[in-house]
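**Student:** Dropping a prediction and its sequence here:
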Amino acid sequence: YTAQVVLVEKHMSVPSKRLVESALFEDDAGTMVGLDEVQLLETHSADRVAILHAALRSQDLELRYRAALVLTAWEDDEGLDDIERLVDMRIDTKGVTVPHRLYGYNNIYDEFAYAVYLFGNANRRVPDQTRIYSKLLALYGPCDYESKLKHALLRFDCRILLPDLQQACQRAFAADKVYLASQLLPVLAKWDFDMALPLFPLFLHSSVLAPNPAVNVAEALKYVHSPSAYLLLKELVNHPDSVVADEAKHVISELER
């Protein structure tokens with residue numbers, strides 16, 4: 001987009017779809033780089049921010065949620081606020097989907113978690129981030145998540161969310177989404193390994209599943225410092241699934257540094 005176009009359309013309550021998409025997907029030189037790269041831009045003009053702020057008022061939910069993702073990643077307060085509103089409205093029930101690249105399920109809430117994770121670099125509004133993560137965990141099970149929520153929570157380390165985390169894991173397991181449930185084991189182990197340890201056997205005997213939930217057991221064992229945990233890691237090194245075995249080797253290598 002150009003400064004001239006911005007000046008013409010900046011006064012509008014909602015800018016044109018073309019202008020919003022340009023702000024969402026192009027770098028400052030006008031090269032199409034994609035939303036993921038735009039989220040990571042280190043600098044962003046006031047005009048671009050104004051366009052995306054206006055897009056938060058759009059009736060087009062596709063434009064709106066993308067604007068919220070980008071703004072939140074840029075540590076923008078209006079973006080974070082709109083992420084929470086979109087979660088509250090259950091945007092996944094409004095026909096908006098972010099299909100997982102392999103399995104096709106709607107991964108939109110995982111993308112929200114990633115944006116909040118990037119907002120966390122600002123080290124502020126921690127209670128608001130905590131509340132949003134709690135709301136995302138409340139949808140865990142009925143809704144699917146790839147892994148970005150897991151990684152966000154591993155960095156966030158907010159143990160007030162332990163009950164939410166435990167319930168989310170149980171809810172996913174009860175829904176027969178065993179791998180989804182296992183994704184939260186590393187977070188649970190990092191925050192309270194005594195709570196995580198009794199759950200590990202539930203995820204070690206699902207050899208027919210792909211991806212195999214035992215890979216998350218191996219990752220979780222990094223946070224359980226006991227002889228029995230180390231022995232279990234040694235066993236997982238010989239797991240028939242090479243992904244599980246490689247993760248166990250990686251964890252052992254980290255622990256032995």
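**Tutor:** Done, it's in.
**Student:** how far away is G120 from E247?
**Tutor:** 25 Å (C-beta to C-beta, to the nearest Å). For the C-beta atoms, the positions are set from N, CA and C on the backbone; glycine is no exception.
**Student:** and these two? which has more neighbours close in?
**Tutor:** E247 (24 against 18; other C-beta atoms under 10 Å).
**Student:** For the more buried one, which non-adjacent residue is closest in space?
**Tutor:** A218 (4.2 Å; C-beta to C-beta, 6 or more residues apart in numbering).
**Student:** got a list of contacts for the helix or strand hosting that neighbour?
**Tutor:** Secondary structure from DSSP states H and E places A218 in helix 214-220. Under the contact criterion C-beta atoms under 8 Å, 6 or more residues apart in numbering, helix 214-220 has outside partners 179, 182-183, 185-186, 188-190, 196, 200, 203-204, 206, 232-233, 236, 239, 241, 243-244, 247-248, 251.
**Student:** What subset of the residues you listed is buried?
**Tutor:** 179, 182-183, 185-186, 188-190, 196, 200, 203-204, 232-233, 236, 239, 241, 244, 247-248, 251 (16 or more other C-beta atoms under 10 Å).
**Student:** Can you pull out the low-pLDDT segments for this structure?
**Tutor:** 1-13, 206-208 (pLDDT under 70).
**Student:** can you rerun that using 80?
**Tutor:** 1-14, 206-210 (pLDDT under 80).
**Student:** hey, where'd the strands end up in it?
**Tutor:** Under the criterion DSSP state E, the chain carries no strands.
**Student:** For stretch 83-103, output the C-alpha coordinates as PDB.
**Tutor:** Taking Å, rounded to 0.1, in the frame of the first residue of the first chain, the C-alpha atoms of stretch 83-103 are listed here in PDB:
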ATOM      1  CA  ILE A  83      -8.400 -11.500  20.600                       C
ATOM      2  CA  GLU A  84     -10.400 -11.900  23.900                       C
ATOM      3  CA  ARG A  85     -13.600 -10.700  22.300                       C
ATOM      4  CA  LEU A  86     -13.200 -13.100  19.400                       C
ATOM      5  CA  VAL A  87     -12.600 -16.000  21.900                       C
ATOM      6  CA  ASP A  88     -15.700 -14.900  23.800                       C
ATOM      7  CA  MET A  89     -17.900 -14.900  20.700                       C
ATOM      8  CA  ARG A  90     -16.600 -18.400  19.800                       C
ATOM      9  CA  ILE A  91     -15.400 -17.200  16.400                       C
ATOM     10  CA  ASP A  92     -14.900 -20.900  15.400                       C
ATOM     11  CA  THR A  93     -18.800 -21.200  15.300                       C
ATOM     12  CA  LYS A  94     -19.100 -18.200  13.000                       C
ATOM     13  CA  GLY A  95     -17.700 -19.900   9.900                       C
ATOM     14  CA  VAL A  96     -14.100 -18.800  10.400                       C
ATOM     15  CA  THR A  97     -11.500 -21.500  10.100                       C
ATOM     16  CA  VAL A  98      -7.800 -21.800  10.000                       C
ATOM     17  CA  PRO A  99      -7.400 -25.400   8.700                       C
ATOM     18  CA  HIS A 100      -4.400 -27.400  10.000                       C
ATOM     19  CA  ARG A 101      -1.900 -27.900   7.200                       C
ATOM     20  CA  LEU A 102      -2.000 -31.800   7.600                       C
ATOM     21  CA  TYR A 103      -5.200 -32.800   9.400                       C
END
